[in-house]
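*Asks:* give me a model of this one.
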Amino acid sequence: MLFFKPVLSQVSSNDPNVTTLQLSHKKLTDKLLVQLSDALQTNSTINEIWLTNNYISESGAGYFANALENNTTVTEVYLGGNKIGTKGALSVANLLQRNRVIREVGLEDNDICDGGAKALAEALVGNDTLQTLKLNGNKINSEETLKSIKEILQKNRDAARKKLPPSHQGTAISKPPKKSSSSRKSRSRSDKDRSKSGSGGEKERDRDRDRERRSRKSSSQSTTAAEAASSLATASAATSDAAGSSSPGAQPTTSPSTSGFKKFTNFLSGNSSNKDVAKKDSLKNHDYEKVGAFV
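*Replies:* As a prediction, the model looks like this:
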C-alpha cells in the first residue's frame, strides 16, 4: 500500500508535525499493524491512533496492545469496526493494567463477548486514568459487567476533574446575569426604531425620486407650452400682417395687442363674432398661401 510507507517513515523518524495517525478505512491488515507497532515503540509524538474499520484480528490487536504498554504519549486508541473478538479484548485488558496514560479506547463492533467485557472490567479496578471505553455493538449480555465498567469510568472522570485547576473543573460554571425586563424592552424598542428608521429612509428616497420625476415632467411641459405660445404668437402676427395688406386703407401693425390676440384665437377656434366671420370669409378670397403657411 502506497499510503503506508510515508506514514511509517514519519512515525519511525519521530516527526514532530505528526501527532495523530488517521488510518481508518485503509484496509489495514495484521501484517501492516505489526510494522506500525514496532515504529510506535520508539515514537514520542503520536497522541491519537485511529484504526477503525480495517482487517485487524485478535493476533494483530495483541501485538499492537503489547507495543503500547510502555508508551507515554498515546492517550487515545480507536479499534472499532474490526474483528479482535474476546481474545483481542483480553489483550487490551492487559494493556490497561499496565498503561497509565491512555484515557480513551474504542472497541465497538468487534464481536466481544461477556468474557472479554469481564476482563476489561477487572483491569479497570486498578486503572484510574481511563475515562472512556466504547463497547456498543458487541455481544455483551451481562448488564452487571457493563454497569461495573460504567461506574469505574465515572469515578475516574470525577477524579480527573478534581485534579484540574478550579477554572477548568466545570463544577461551578458561572452563568451570565439575566437581563432585566426593562433592558429587554429598551432593546426591543431600539430595534423597532432602527427598523422604522430604515423603512422611513427608504420611503423618503422614493418620495425624492417621485418629486424629481414630477419636476422633470413639469419642466418639459412648461417648455412645450412656451414653444406653443411662441408659435401661436408668430402665427397671430403673420395673419394680422396678411389681413392688413389685403384691405385698402388698412394700417400696418407691427405686433398684435392682447385683444387682437384673443380675437385671433377665437377666429381660429370658430368662436368669433359676425365681423370676424366676415373677415374669415374675406381671407378665403385672398392668396391662401400667405395665410395657410401660418395657420
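*Asks:* C-alpha only now, for contacts and for neighbours.
*Replies:* Will do.
*Asks:* what packs against the helix or strand harbouring Leu32?
*Replies:* Assigned by DSSP states H and E, Leu32 belongs to helix 30-40. Helices and strands touching helix 30-40, as assessed by 3 or more CA pairs under 8 Å, 6 or more residues apart in numbering; DSSP states H and E, comprise helix 4-12, helix 58-67.
*Asks:* could you check the angle helix 30-40 makes with the first one?
*Replies:* If I follow you right, that is helix 4-12. Angle, helix 4-12 to helix 30-40, by axes from the mean of the first three to the mean of the last three CA atoms, to 10 degrees: 30 degrees.
*Asks:* likewise for the last one?
*Replies:* Comparing the axes of helix 58-67 and helix 30-40 via the same axes, to 10 degrees yields an angle of 0 degrees.
*Asks:* show residues contacting helix 58-67.
*Replies:* Contacts to helix 58-67, defined as CA atoms under 8 Å, 6 or more residues apart in numbering, come from residues 29-31, 33-34, 37-38, 40-41, 83-88, 91-92, 95.
*Asks:* burial count for Thr132?
*Replies:* Using other CA atoms under 10 Å, Thr132 has 18 neighbouring residues.
*Asks:* do Glu144 as well
*Replies:* 10.
*Asks:* in what helix or strand does it lie?
*Replies:* Assigned by DSSP H and E, Glu144 falls in helix 143-163.
*Asks:* same thing with Ser215?
*Replies:* Short version, using DSSP H and E: Ser215 is in helix 181-246.
*Asks:* pull out the buried positions in stretch 77-86.
*Replies:* By neighbour count with 16 or more other CA atoms under 10 Å, stretch 77-86 contains the buried residues Val77, Tyr78, Leu79, Gly80, Gly81, Asn82, Lys83, Ile84, Gly85, Thr86.
*Asks:* ends of it, what's the gap?
*Replies:* 17 Å (CA to CA, to the nearest Å).
*Asks:* same deal with stretch 72-86?
*Replies:* 26 Å.
*Asks:* which other residues reach that stretch?
*Replies:* 44-61, 68, 101-113, 115-117.
*Asks:* mind listing which of the residues you listed are in strands?
*Replies:* Glu48, Ile49, Trp50, Glu104, Val105, Gly106 (DSSP state E).
*Asks:* in JSON lines: those, plus pLDDT, distance to Ser215 and neighbour count.
*Replies:* Listed next are the ones in strands among the contacts of stretch 72-86 as JSON lines, based on pLDDT from 0 to 100; distance: CA to CA, whole Å; neighbours: other CA atoms under 10 Å:
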{"residue": "Glu48", "pLDDT": "98", "distance to Ser215": "75", "neighbour count": "19"}
{"residue": "Ile49", "pLDDT": "98", "distance to Ser215": "77", "neighbour count": "19"}
{"residue": "Trp50", "pLDDT": "98", "distance to Ser215": "75", "neighbour count": "17"}
{"residue": "Glu104", "pLDDT": "98", "distance to Ser215": "78", "neighbour count": "17"}
{"residue": "Val105", "pLDDT": "98", "distance to Ser215": "80", "neighbour count": "21"}
{"residue": "Gly106", "pLDDT": "98", "distance to Ser215": "78", "neighbour count": "20"}
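*Asks:* turn those into JSON lines, columns for distance to Ser24.
*Replies:* Converted to JSON lines, those look like this (distance: CA to CA, whole Å):
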{"residue": "Glu48", "distance to Ser24": "12"}
{"residue": "Ile49", "distance to Ser24": "9"}
{"residue": "Trp50", "distance to Ser24": "6"}
{"residue": "Glu104", "distance to Ser24": "16"}
{"residue": "Val105", "distance to Ser24": "15"}
{"residue": "Gly106", "distance to Ser24": "12"}
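*Asks:* of these, which is the nearest to Val18?
*Replies:* Of all these, Glu48 has the smallest distance to Val18: 9.9 Å, by CA to CA.
*Asks:* surely that closest one and Leu21 touch.
*Replies:* Yes - assessed by CA atoms under 8 Å, Glu48 is found in contact with Leu21 at 6.1 Å.
*Asks:* Ala123 and Ile56, how far apart?
*Replies:* In this view, Ala123 and Ile56 are 22 Å apart by CA to CA.
*Asks:* mind checking how far Lys163 is from Asn66?
*Replies:* 29 Å.
*Asks:* before we move on, what about Arg161?
*Replies:* For Arg161, the distance to Asn66 - CA to CA - is 29 Å.
*Asks:* repeat for Leu124
*Replies:* 17 Å.
*Asks:* just to revisit the earlier point, closest one to Ser12 out of the ones in strands among the contacts of stretch 72-86, please.
*Replies:* Of these, the one sitting nearest to Ser12 (CA to CA) turns out to be Ile49, at 14.7 Å.
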